[in-house]
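Trainee: Just the structure for this:
(chains A and B)
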Protein chains: 2
Amino acid sequence: MISLADLQRRIETGELSPNAAIAQSHAAIEAREKEVHAFVRHDKSARAQASGPLRGIAVGIKDIIDTANMPTEMGSEIYRGWQPRSDAPVVMMLKRAGATIIGKTTTTAFASRDPTATLNPHNTGHSPGGSSSGSAAAVGAGMIPLALGTQTGGSVIRPAAYCGTAAIKPSFRMLPTVGVKCYSWALDTVGLFGARAEDLARGLLAMTGRSEFSGIVPAKAPRIGVVRQEFAGAVEPAAEQGLQAAIKAAERAGASVQAIDLPEAVHEAWRIHPIIQDFEAHRALAWEFSEHHDEIAPMLRASLDATVGLTPKEYDEARRIGRRGRRELGEVFEGVDVLLTYSAPGTAPAKALASTGDPRYNRLWTLMGNPCVNVPVLKVGGLPIGVQVIARFGNDAHALATAWFLEDALAKSG
Amino acid sequence: MISLADLQRRIETGELSPNAAIAQSHAAIEAREKEVHAFVRHDKSARAQASGPLRGIAVGIKDIIDTANMPTEMGSEIYRGWQPRSDAPVVMMLKRAGATIIGKTTTTAFASRDPTATLNPHNTGHSPGGSSSGSAAAVGAGMIPLALGTQTGGSVIRPAAYCGTAAIKPSFRMLPTVGVKCYSWALDTVGLFGARAEDLARGLLAMTGRSEFSGIVPAKAPRIGVVRQEFAGAVEPAAEQGLQAAIKAAERAGASVQAIDLPEAVHEAWRIHPIIQDFEAHRALAWEFSEHHDEIAPMLRASLDATVGLTPKEYDEARRIGRRGRRELGEVFEGVDVLLTYSAPGTAPAKALASTGDPRYNRLWTLMGNPCVNVPVLKVGGLPIGVQVIARFGNDAHALATAWFLEDALAKSG
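Mentor: Numbers count the residues shown, from 1 in each chain, chains lettered A, B, ... in the order given. From the prediction side, this is the model:
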């Protein structure tokens, strides 16, 4: 993978020119794309900007995020060739920081579940995960140092785990979702893919100008609460193997680790996530559902057809349960600095299964709004396994610092 | 004005056909539009739908709300002729309920402060208010029974007061803002203009299917807390005259009315509203600001230029103050059913002043997220004065029931 931090340091010292860094990504895309199919569009004319902290950084943008100079097709026939007027705010944040938008990456239709053509860069017989399939695969394949995705259930952390990249789903609404095709306004969250936690911190610093992302270093002796989310069902042995390897490495590196039971109100919040998601999707995609029903991708269409009867009363009750879960989860963080849990139920599903995998270990955290960072831990059968580090709402910098601690701990123990 | 409830009753009994009701609006637009200039586009081919609770109801849509069959120009040269792909969810809610979208109504550029060509239907020498100028004027002029607007500071309640219409700014996020041009994602709220509170209730019932809007009747003996928002500065005598008339009528009709002091934390929330609004506007309008700066309307451009230095730290602190204000405001509602306050500082400004009026009595409530309903009270110098009824968050039905009580009380005392 290409490290954003490494590129920045080499560009800073003059060892590498911004245009050479961009050329490296163009070449890597040429080399890997025909195998991985991560891009909807590759802008071969894209060049480096002359200034800004992200000069020389090639970024891929998930194709549900508006770009003024490239179509934005939502992974759907309905938007074939659709050209938005303006760049989404998150794209403008990157451009203003000096980044180069090198292309649009594949997305499942409207960021739902129907697989794209993208293949897992670690084994092309497997899925890269979804819905941010192209962004995870492009970073995991070493084509680009940074990509934007979105998560409504598990669409950033899960594909990152499957593709062996770092990724952050930041605190809800730290990054604006304006100009991002909406699925659920209470859940949709823009996230970043990169090689390591440090790269994500530098990306967020450049995009937001938030001082908390400046000077992040690995956390020291963090207090880690392990949650296995039993309410979400059982994991495959590979996922448990990954979690245990992470725990062992963290303990050796000085962390205090304890198992934590999440309060009942938090289990309940996990349970009602789909009600909020599906109720809002029916409103967000009302035009597509009414006017282009038969052109909607089949898995999404079936899901919308099945949830057409959700009522405002069920939705309001789900929102109340979500708020209660958020309050009680806040108390959990009084005893620990971060939580640690599975990023996915196992390794990436075989492509033949026509599945992007299951978001059941992610969806709670999207609803709660906490920052989550994927840390790649090991490979099982050639496919990556990751764990996610979850910090208190608003404490994205701490999630990144602890992920960095864990990366270092794993590197030492590996 | 045309009452939606009256139309529904006449259509229900067969006294009026849906197409005749739409034809009435076409004729009213033909008659008044050359004087009032409320519409960006009037779809003269629009016909009634055959079914649905809003069959025969002609609706005007503020021109920052996406429509699939009419351009959406945001009141700005930058979007001249811009044709969105899809209808915004709020437009789809209307269409599914049987409504007829009869045209797009004028908006100040990006729903900010630069006046449109629209004139006040009560006196064309005066402003209709903004930013939902066309929607307020079209309903106030009796052209259409229903219109959609949006409020970020005071852009629904203020123009409603100036144009003598009822209007509701519902609880934050009851109506989705997907497909509505964003100015501030923490504040933007879609609202409805109609002749009376009953009409708004019927509009919301049809759009949302929420049972709480079914069977609303005037509130009985409500406990009303009067807040004068002294922290927002002084009003003109006409506004105080309107508030006192409303208080007197309410007391005569059996309400208990008491003056209330809002907690200090709520004053503070009023103070920081512009920080949240302007910080988010710089992100929401980043593309326009960077790529089309000189084409941005002059008052908005000056406002953006002046607030370019707002920091994430100031914004985060403002958000914290907003949350504290919301908590403490919740306690105020333990002693009263609704609050009553000014809808605007006075009557509509003269057109020559090139002002859409001041949102200083509205912006607190937009930030707090509570439902607000404008009730027209009286006229001073031929121009309407309104008051706003504010209910607890989520209790939109109660705000409408109390507004209806007040309308009846004023009709009796008038």
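
Trainee: nearest residue to the residue nearest the centre of chain A other than its sequence neighbours?
Mentor: What sits nearest the mean C-alpha location of chain A, by C-alpha atoms, centre = their mean, is A:Val156, with 1.9 Å. Counting by C-beta to C-beta, 6 or more residues apart in numbering or on different chains, A:Val156 lies nearest to A:Gly191, which is 3.6 Å off, once chain neighbours are set aside. Quick note: C-beta positions are derived from backbone N, CA and C, even for glycine.

Trainee: three-state assignment of A:Arg324?
Mentor: Following DSSP: H, G, I helix; E, B strand; the rest coil, we place A:Arg324 in the helix state.

Trainee: So the closest residue to A:Ala111 other than its chain neighbours, which state does it fall into?
Mentor: Computed as C-beta to C-beta, 6+ apart, the closest residue to A:Ala111 that is not its neighbour in sequence is A:Ser131, at 4.0 Å. With three-state DSSP as the basis, A:Ser131 sits in coil.

Trainee: contact partners of stretch A:404-411?
Mentor: A:166, A:196-198, A:201, A:216-220, A:222, A:245-246, A:249-250, A:252-253, A:255, A:375, A:377-378, A:387, A:389 (C-beta atoms under 8 Å, 6 or more residues apart in numbering or on different chains).

Trainee: repeat that with 7 Å
Mentor: A:196-198, A:218-219, A:222, A:246, A:249-250, A:252-253, A:375, A:377, A:389 (C-beta atoms under 7 Å, 6 or more residues apart in numbering or on different chains).

Trainee: do the same with stretch A:242-255
Mentor: A:221-222, A:224, A:226, A:257, A:340, A:342, A:375, A:377-378, A:385-387, A:405-406, A:408-410, A:412-413.

Trainee: The helix or strand A:Arg319 falls within and chain B, any residue contact?
Mentor: Using DSSP states H and E, the element containing A:Arg319 is helix A:312-332. Yes - residues of helix A:312-332 contacting chain B under C-beta under 7 Å from any C-beta of the partner chain: A:Pro312.

Trainee: so what does that helix touch, helix or strand wise?
Mentor: helix A:264-284, helix A:363-368 (3 or more C-beta pairs under 7 Å, 6 or more residues apart in numbering or on different chains; DSSP states H and E).

Trainee: near chain B, which residues of the stretch 1-150 of chain A show up?
Mentor: Going by C-beta under 7 Å from any C-beta, the residues of the stretch 1-150 of chain A near chain B are A:68, A:79, A:82, A:85-87, A:89, A:92, A:96.

Trainee: Give me the buried subset of those residues.
Mentor: Burial by neighbour count, 16 or more other C-beta atoms under 10 Å in any protein chain shown: within the residues of the stretch 1-150 of chain A next to chain B this picks out A:68, A:79, A:85-87, A:89, A:92, A:96.

Trainee: Regarding A:Val180, what are the backbone dihedral angles?
Mentor: phi -110, psi 130 (degrees, to the nearest 10).

Trainee: Contact partners for the closest residue to it other than its chain neighbours?
Mentor: In this structure, A:Val180 finds its nearest non-sequential neighbour in A:Ile65, 5.1 Å apart by C-beta to C-beta, 6+ apart. Counting by C-beta under 7 Å, 6+ apart, A:Ile65 touches A:72, A:88, A:90-91, A:148, A:179-180.

Trainee: Sweet, I'm off.
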